[in-house]
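Trainee: A structural model of the following input is requested.
(2 chains)
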Amino acid sequence: MKVEVKMVVVLTAIALISGGVLGVVYTKTKPKIQRNLELAKENALKKVVANVHSYETKDLDRYTTVFIAKDEAGHVVGYGVLIQGSGFQGAIKLMAGFDTTGTKLTGLEIIENVETPGLGNRITEDWFKKQFQGRIPPINVVKGRKPENEHEIQAITGATISSRSVVRIVNLAQTKLASVIGAAPSPEPKEQEPVDTSSVSKTPAHEEAEPLAQRTGKNRVRRPEKVQAEQPDTICLKYMSKFVQKILKCKRIPMPDSLDVFVAYGPNGREMVGSMVEGTGFMDRIKLLVVMEKPDFRVVGIDILQMAEGEAFGKGQDSAFWSQFIGHPLPVQLKGESETGDIDAISGATETSRTVIALVNMAKVRAEKALTTLKS
Amino acid sequence: MKKAFVNGLVKENPVLVALLGLCSVLAVSNTAINSLFMAGSVTFVLVFSSFIISIIRKLIPDQVRIPSFIVVIATFVTIADLFLKAYFPEISKNLGPFVPLIVVNCIILARQEAFASKNPVHYAVADALGMSIGYAWVIIVLGIVRELLGFGTVFGHRVLGSWFHPFVVMLLPPGAFITLGVMVGIMRWLQAKTAKS
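Mentor: Here you go, the predicted structure:
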């Protein structure tokens, strides 16, 4: 046989035999592997909710499944939320058990984690998990003292971030569960009302500003009434016209990391700067366009360009949070973190709020940097 | 044949002397039980790959020998992985991607290329066994040392009392490097000594 033919024949034969063998092994082990996965979830559910006889599952999104636990008579005895969120080194997957009202925790099991062994990994230790029994989200983490009420959990020494991550995921689990069974998160019920952009934009206080533009897809791009002789940069116009009505001249300053800065000039020497910023939020990237007015970099409007579904509380739905920025000169700070804080965090989503504030402040820094390059 | 078997144990130990396949040695040797299962997986893959490759060695044209080796190795690795997932889900979770990564473990491919493809079956299997045991004892010793110093336990049983304060570093990557470094050092020292006398 010629060597070319032999090569093909031999390799094909090996691959075919290999494929066949693997097919057999796979079909033999598949039911067992799937059973193991189910068992792991079921065992976790039984640990966090008492008297589980049967359960139904409901997938909320890619990261969340709600287990409705029932006793022998078919009465609901509690809920388990299987949910995944980010920890210190990677994803943490856990099962949080709730009572029938969906407000009080009945238990916690960590299903998967890749936290540092001996430190963050201690979130799997019983004393830490037991702390969650009887707690009512939203929960806070305390350090250096004993928890004083049902909203507090003690952090693991040397693993504050992992402890905080677990608490954050548990809080998120409660909100997601509440959205399914209709229980109000305690103690402070959160507004569920979706933002109506059109009504907000009519507020007379900021004539030229539309404080809250919804996500990009739904935006109505408003064209300026007078198109000047000098053709404004169309990309700049696309972004800025949402917030600035009369644009005489619009300029795009390209930045090396492709997060652009825009400058729009209005009548009476008004000068508006729009700055794109991007950062990591609780679950995914957050990308914002912050439009500020010179000279004091007062926020005119914020456009949410990208924000993951998983940023449950924030999600750009909480108009009260976003409108706080309008009219504030940058930088801004979170209330309670400093004497002069001016922004209230979204309750239960402090981490997301913090990220947003950091991004908004970064927008000013980037804008200033871009403007100096423009001058030179 | 005896020589082929003994070779891998100490003299040509794949980990301590050839420094091959360090990725899994360093990554999963944080507890003795993980080490044991990793060693088992490697042994299974290496012995069966060598066995098959040695049988079909005369059929494989030289030009496609590496792809052929890899396909055979990958087959056994997948079998091992599925087996662990089905019967030892906990262990499989701990070992994570390091079982699938045996495919690219250089010990395995090196033995096929250097030995199994050139020797009759019984030699090939003896060599594979020797090399596997060579790999196994090193990773298990590493696992025992790291678990003992990192948790105070051996195979999950508490050995050191409550007075013992665990060295967390032993469970982290630096602990693996330090322990392996010491082991390689001792090995070299012993070799130098025997060479002199």
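Trainee: now do the buried residues in stretch B:52-61.
Mentor: Of all the residues in stretch B:52-61, those buried under the rule 16 or more other CB atoms under 10 Å in any protein chain shown are B:52-54, B:57, B:60-61. Yep, even glycine has a C-beta here, placed from its N, CA and C like the rest.
Trainee: try stretch A:354-363
Mentor: Of the residues in stretch A:354-363, those with enough neighbours to count as buried (16+ other CB under 10 Å) are A:354-357, A:359-363.
Trainee: next one: stretch B:75-90
Mentor: Buried residues in stretch B:75-90, counted by 16+ other CB under 10 Å: B:75-86, B:88-89.
Trainee: of these, which ones also sit close to chain A?
Mentor: Of the residues in these, proximity to chain A by CB under 8 Å from any CB of the partner chain holds for B:75, B:78-79, B:82-83, B:85-86, B:89.
Trainee: keep only those of the buried residues of stretch B:75-90 that are in helices.
Mentor: Counting by DSSP state H, these place B:75-86, B:89 in helices.
Trainee: tell me which of those is nearest to B:Ala32?
Mentor: Of all those, the one sitting nearest B:Ala32 is B:Leu84; the distance, using CB to CB, is 16.7 Å.
Trainee: dump the residue contacts of the closest residue to the closest one other than its chain neighbours.
Mentor: Of all residues beyond its chain neighbours, the one nearest B:Leu84 is B:Ser92 (4.1 Å), with distances taken as CB to CB, 6 or more residues apart in numbering or on different chains. Contact criterion CB atoms under 8 Å, 6 or more residues apart in numbering or on different chains gives B:81, B:84-85, B:99 as the residues in contact with B:Ser92.
Trainee: tell me which two of these sit farthest apart.
Mentor: In the contacts of B:Ser92, two members sit farther apart than any others by CB to CB. They are B:Lys85 and B:Val99, at 8.8 Å.
Trainee: quickly find the element holding A:Leu60.
Mentor: Here A:Leu60, judged by DSSP states H and E, is contained in strand A:54-61.
Trainee: then A:Arg164?
Mentor: Since the elements are taken from DSSP H and E, A:Arg164 ends up inside helix A:160-181.
Trainee: what's the mean pLDDT across that helix?
Mentor: Along helix A:160-181, the predicted local confidence has a mean pLDDT of 88.
Trainee: and it with strand A:54-61, angle?
Mentor: Calculated by axes from the mean of the first three to the mean of the last three CA atoms, to 10 degrees, helix A:160-181 forms an angle of 110 degrees with strand A:54-61.
Trainee: remind me what helix A:160-181 packs against, helices and strands.
Mentor: With contacts defined as 3 or more CB pairs under 8 Å, 6 or more residues apart in numbering or on different chains; DSSP states H and E, helix A:160-181 has these neighbours: strand A:54-61, strand A:64-70, strand A:76-86, strand A:91-98, strand A:105-112, strand A:140-142.
Trainee: check which residues of stretch B:144-159 are buried.
Mentor: For stretch B:144-159, the neighbour count (16+ other CB under 10 Å) marks B:144-154 as buried.
Trainee: just stretch A:75-90 next, same as before
Mentor: Neighbour-count burial for stretch A:75-90 flags A:77-88 (criterion: 16+ other CB under 10 Å).
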